[in-house]
Each structure stands twice: as C-alpha cells, then as structure tokens.
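**Q** Can you look at this prediction? I've put the sequence above it.
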Amino acid sequence: MATICGTVLLGVWPAQAAPEKKANNAPAETKSMKAIFAERKDTFEKVSALTGIPWYYLAAVDQYERTINLAKKRTVDNTTTGIYITELQWCGMMNPDHEDTVEASIALFDGMGRDGSGDGLADRKNGLDVLYSMAMYMLKRGTAQEDLRIGLWEYYQNTRSVERIQQFAGIYSKFDTLDLHEHTFVMPLKADYTYRSTWGASRGWGGFRIHEGTDLFAGYGVPVRSATYGIIEVMGWNPYGGWRVGIRDLSNVYHYFAHLSGYSKEVKQGDIVKPGQVIGWVGSSGYGKPGTSGKFPPHLHYGLYRDNGLTDWSFDPYPFLRKWEREERLRSKK
Ligand SMILES: [Zn+2]
C-alpha cells in the first residue's frame, strides 16, 4: 500500500480511486509525505549545487514526469525521481551494450547517462544518476533560463511540455517547498451553495454535448476560490464560459471556472495562487458577446481536465469536490 499511497498523493489524480475512503487516515499519510518531500528537495538541492540549475527547475521536470507516468501508466521503479529515460537514450542509439554503465563509452555513443552519485557508474537505476544526467542534458545550451528552455525543448520536442515545466518551476520557486498538494473547496464552506453530480450528462447548464463539469448553484457574488496551488493559465471572456479562469496545478490538472460575474483585483493571468484564494465571484456570464449575462441562473461551472502530454481530457470533478469539502470541514474542526 505504501507505494500506492505515494503515487496517489504525488500524482493525486488516480483514474479509479475512490476519494471517499481516504479521509480517515489522511494525517498519517500527510506526515510521511512531508518527510518524502523534504528528502526530495534535499536531492534537488544537491544536484543543483553540482550543475547550477535552480532546484525548482529540477523539481518541475521531476514532477512533470510523474504526472506523465501516471497519465501514460508508465512504471518507474525509482523513489528518488520520476524522470523516465529509456535504455537507448541512456546508453546511446548505436551502443551495442544496452546496460552500459561506463560514462566514457556512453559518451562515445552520444548517450545521456552520467554518474551523479560519484560511485563511478552511470547507472540508469540510480535516481541521483538519472537526475544528474537530465540536468546535464538541460545544460547543453547554457545555464540562462532561455538556454534551459531550449534544452528542455530539445529533450521533449514539444512546446506543451516546456510550458508545463516552466509553470511548475514558478510554483515551486514561489513557495520554496514541494509540499503543495493540499486542496480546499471552491467556495467558502459557510456560503449558501448546492451541487450534485452533473458530469457527462445533458443535465447541466450549457451542456449541448456532454457536460464536462459540475454546476454549483449559488447567489451572485459568492466568492469563487482556487482549490489548489497552481498558476492562472487563462483569464478572460469565452463565448460559452463567459468570464472564466483556468488554473493549472502541480498534478498537471487544469481547473476551469466559468460564468463568473467578475474577477478579484488581486489576481491576473500568470499569477501563482494557493488553495482558498479568491479568484472571482459567482455569476451568470456567457452565451453571447463579452458582457452577456443572465441567460441562466447564477452558478459556477467547474471542470477538471488532465494533461496526458498531448491533449487535455475531462474527468468528473464531483467526487473531488466532495472530498475537498469534507477535508476542509475536518481541518476547520481541529
Ligand atoms: Zn456547467
């Protein structure tokens, strides 16, 4: 169970998890995760000292890889890092020895493998070696932010991956910790709201195909809050969603808030937010040109989308809303 718990808390979005069952033993898990996060940060700082790459960049690559491992159901049997380097990437395409651990011959075949742990071996199964090898790859073009971006692009060949890693790095850098997986409910618990499971149905407001979200009904002006640590990726008008906000979290999940009546002056696109932070207010904007409002009762449409590296796909927010609501209530009782 230990490894499963680890995956759950780091990836946070298991496809078939039953969130309802997890609340009781949450404190014990949180404590052990704190220790794991602290250990990991130590490792990133170690590799940072060796390479000059800020720890939060290494943390961001590591976390991005963990979210992709989860989305692709890729198994990485390494507790130090989630970074996945294939055998051929490690030893070099033309290298006849696929399990080569000699730096010099790996280098000869243009492989990525390096020795970061100092034991004389470039071992693909050693987490420190993997992190160090990734860091050295990123450094190919230089140490400036722009150089790291190019290094990452060359590795992933994908602008989307680079953007995610930049976003994650920004979040880690702001809070100076890896322990950023707590959630809150999307409205103040004392507010007057109601919601039920409306995902995938044509029951919701505005679901002309499948309804990709949960509708939370509340009065105009009820505060709408970020559920997570994350970055505001999108903010502005959209013909269906009205005034909407999109927040990307460290699990590579996009939180979509629609039909707001307005935005908090405290936040703008690109800002880093934390759980419970007010981003706007419940309204009924949408279904027309900018400013259109009142075509349906005021409510928050809340959607969740997971990035699998190529595209975003919607999943049901309802069980998570219930879980965060319950967890927040438990915390406030303490
Ligand atoms: Zn809706």
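**A** Okay, I see it. Numbering: from 1, shown residues only.

**Q** Residue of the stretch 51-200 of the chain closest to the ion, please.
**A** Thr198 (6.7 Å; Cβ to the ion). From N, CA and C alone the C-beta is placed, and that goes for glycine too.

**Q** Okay, buried residues for the helix or strand that contains Lys34 please.
**A** Using DSSP states H and E, Lys34 sits within helix 26-51. In terms of neighbour count (16 or more other Cβ atoms under 10 Å), helix 26-51 has its buried residues at 33, 37, 40-41, 43-44, 46-48, 51.

**Q** Quick one: low-confidence residue ranges for this structure.
**A** 1-31, 201-209 (pLDDT under 70).

**Q** which stretches of it form strands?
**A** Using DSSP state E, the strands of the chain run over residues 193-195, 214-218, 223-225, 230-238, 242-249, 253-263, 272-273, 278-282, 299-307, 312-315.

**Q** Quick one, which of these gets closest to the ion.
**A** strand 299-307 (3.3 Å).

**Q** residue boundaries of the helices in the stretch 1-150 of the chain?
**A** 2-11, 26-51, 55-71, 87-91, 103-108, 127-138, 145-156 (DSSP state H, counting those that start in this stretch).

**Q** Make JSON lines out of the ones you listed and add distance to the ion.
**A** Shown next, in JSON lines, are the helices of the stretch 1-150 of the chain (distance: least, Cβ to the ion, whole Å):
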{"stretch": "helix 2-11", "distance to the ion": "26"}
{"stretch": "helix 26-51", "distance to the ion": "29"}
{"stretch": "helix 55-71", "distance to the ion": "24"}
{"stretch": "helix 87-91", "distance to the ion": "43"}
{"stretch": "helix 103-108", "distance to the ion": "53"}
{"stretch": "helix 127-138", "distance to the ion": "40"}
{"stretch": "helix 145-156", "distance to the ion": "33"}
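
**Q** thinking again about what came up before, quick check, the residue of the stretch 51-200 of the chain closest to the ion in contact with Glu212.
**A** No - contact between Thr198 and Glu212 fails when scored by Cβ atoms under 8 Å: they sit 10.0 Å apart.

**Q** re earlier: now the strands of the chain as JSON lines including distance to Val130?
**A** Output for the strands of the chain, formatted as JSON lines (distance: least, Cβ to Cβ, whole Å):
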{"stretch": "strand 193-195", "distance to Val130": "43"}
{"stretch": "strand 214-218", "distance to Val130": "39"}
{"stretch": "strand 223-225", "distance to Val130": "37"}
{"stretch": "strand 230-238", "distance to Val130": "26"}
{"stretch": "strand 242-249", "distance to Val130": "25"}
{"stretch": "strand 253-263", "distance to Val130": "25"}
{"stretch": "strand 272-273", "distance to Val130": "28"}
{"stretch": "strand 278-282", "distance to Val130": "37"}
{"stretch": "strand 299-307", "distance to Val130": "23"}
{"stretch": "strand 312-315", "distance to Val130": "28"}
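
**Q** okay, those in CSV with mean neighbour count and distance to Asp77 next?
**A** Formatted as CSV, those follow (neighbours: other Cβ atoms under 10 Å; distance: least, Cβ to Cβ, whole Å):
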stretch, mean neighbour count, distance to Asp77
strand 193-195, 16, 40
strand 214-218, 22, 36
strand 223-225, 22, 38
strand 230-238, 18, 29
strand 242-249, 23, 26
strand 253-263, 22, 25
strand 272-273, 22, 32
strand 278-282, 21, 39
strand 299-307, 23, 23
strand 312-315, 15, 27
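
**Q** And the helix holding Lys34, what does it pack against?
**A** helix 2-11, helix 55-71, helix 127-138 (3 or more Cβ pairs under 8 Å, 6 or more residues apart in numbering; DSSP states H and E).
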